[in-house]
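Undergrad: Predicted model and sequence follow; I will ask about them next.
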Amino acid sequence: ETGVTQSPTHLIKTRGQQVTLRCSSQSGHNTVSWYQQALGQGPQFIFQYYREEENGRGNFPPRFSGLQFPNYSSELNVNALELDDSALYLCASSSRGGGREQETQYFGPGTRLLVL
Amino acid sequence: GQSLEQPSEVTAVEGAIVQINCTYQTSGFYGLSWYQQHDGGAPTFLSYNALDGLEETGRFSSFLSRSDSYGYLLLQELQMKDSASYFCAVRDGGTGGFKTIFGAGTRLFVKA
């Protein structure tokens, strides 16, 4: 069973640029969620995708957008980067089986983004 | 709005028992989860409670009281490797679709 993978592991961008982060779900999982985690804080929910459709979104501006592909891999795109976007970006996959199975999220190692 | 409160830090000795509390406020509650995160690592799932009561998984147990909007994680026979951050998280199905809201985390220090 292949775990959740993310790329790249680290990224440095300048303010105003755009970035795309990628996530491959764990085998058999059809739901992907993206989180932003600042140092010393809990993960902040950005959005969730189920079968290529966004079905939940946190309090993030529209410049944070995403995609989920037919193989359930996913992308997070951030436009017009700001200094405060510097954080660890985590994706997590889960199965839409309901109950504990649905709530068990498997996290990838994250992408650490630094905006200068 | 949605919010979760948990202590910022807890210190305990090896072999002891520690309880990490979590109170929550959400608009559409589905369940309470707990995650462990070591420094530099990714969160890993520990437990999930949808109904009132205690769930036991090895050395870890989790409790939920929906009427009190309260839960806790109980760690028994503490080991040095349990030193990590612990997050409670709620599944919320209110406006805007499904969301998973995490607390700010409790940093557990286990001393020899």
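TA: Nice, thanks for sending it over.
Undergrad: going forward, measure contacts and count neighbours with C-alpha atoms only.
TA: Will do.
Undergrad: Name the residues of chain B found near chain A, please.
TA: Residues of chain B lying close to chain A by C-alpha under 8 Å from any C-alpha of the partner chain are B:33, B:41-45, B:47-50, B:87, B:91, B:96-105.
Undergrad: Which ones among the residues you listed map onto strands?
TA: Using DSSP state E, B:33, B:44, B:45, B:47, B:48, B:49, B:87, B:91, B:99, B:100, B:101, B:102 are the members of the residues of chain B next to chain A that sit in strands.
Undergrad: For those residues, give me CSV that also has pLDDT and neighbour count.
TA: Shown next, in CSV, are those (pLDDT from 0 to 100; neighbours: other C-alpha atoms under 10 Å in any protein chain shown):
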residue, pLDDT, neighbour count
B:33, 95, 27
B:44, 95, 18
B:45, 94, 17
B:47, 93, 22
B:48, 92, 24
B:49, 93, 23
B:87, 98, 30
B:91, 85, 19
B:99, 86, 24
B:100, 90, 25
B:101, 93, 26
B:102, 96, 26
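Undergrad: check contacts around residue A:14.
TA: With contacts defined as C-alpha atoms under 8 Å, 6 or more residues apart in numbering or on different chains, residue A:14 is in contact with A:81, A:115, A:116.
Undergrad: Narrow these to just the buried residues.
TA: For those, a burial check counting by 16 or more other C-alpha atoms under 10 Å in any protein chain shown picks out A:81, A:115.
Undergrad: Now secondary structure and pLDDT too, for the contacts of residue A:14, in JSON lines please.
TA: As requested, the contacts of residue A:14 are arranged in JSON lines below (DSSP: H, G, I helix; E, B strand; the rest coil; pLDDT from 0 to 100):
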{"residue": "A:81", "secondary structure": "coil", "pLDDT": "98"}
{"residue": "A:115", "secondary structure": "strand", "pLDDT": "98"}
{"residue": "A:116", "secondary structure": "coil", "pLDDT": "97"}
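Undergrad: Can you tell me which of the contacts of residue A:14 is closest to residue A:62?
TA: Residue A:62 has its nearest neighbour among the contacts of residue A:14 in residue A:81, at 12.1 Å by C-alpha to C-alpha.
Undergrad: Does that closest one touch residue A:15 like I think?
TA: Yes. Proximity of residue A:81 to residue A:15 meets the contact threshold set by C-alpha atoms under 8 Å, at 5.0 Å.
Undergrad: ok, residue B:97 - how many residues close by?
TA: Residues lying near residue B:97 (other C-alpha atoms under 10 Å in any protein chain shown) number 15.
Undergrad: Beta-bridge partners for the closest residue in space to it that isn't next to it in sequence, please?
TA: Spatially, and ignoring its direct neighbours in sequence, residue B:97 is nearest to residue A:56 (4.1 Å; C-alpha to C-alpha, 6 or more residues apart in numbering or on different chains). For residue A:56, the beta-bridge partners under DSSP bridges are residue A:48, residue B:97.
Undergrad: so who does residue A:56 touch?
TA: Applying C-alpha under 8 Å, 6+ apart, the residues contacting residue A:56 are A:47, A:48, A:49, B:96, B:97, B:98, B:99.
Undergrad: same thing with residue B:75?
TA: Each residue near residue B:75 by C-alpha under 8 Å, 6+ apart is listed here: B:17, B:18, B:19, B:59, B:60, B:61.
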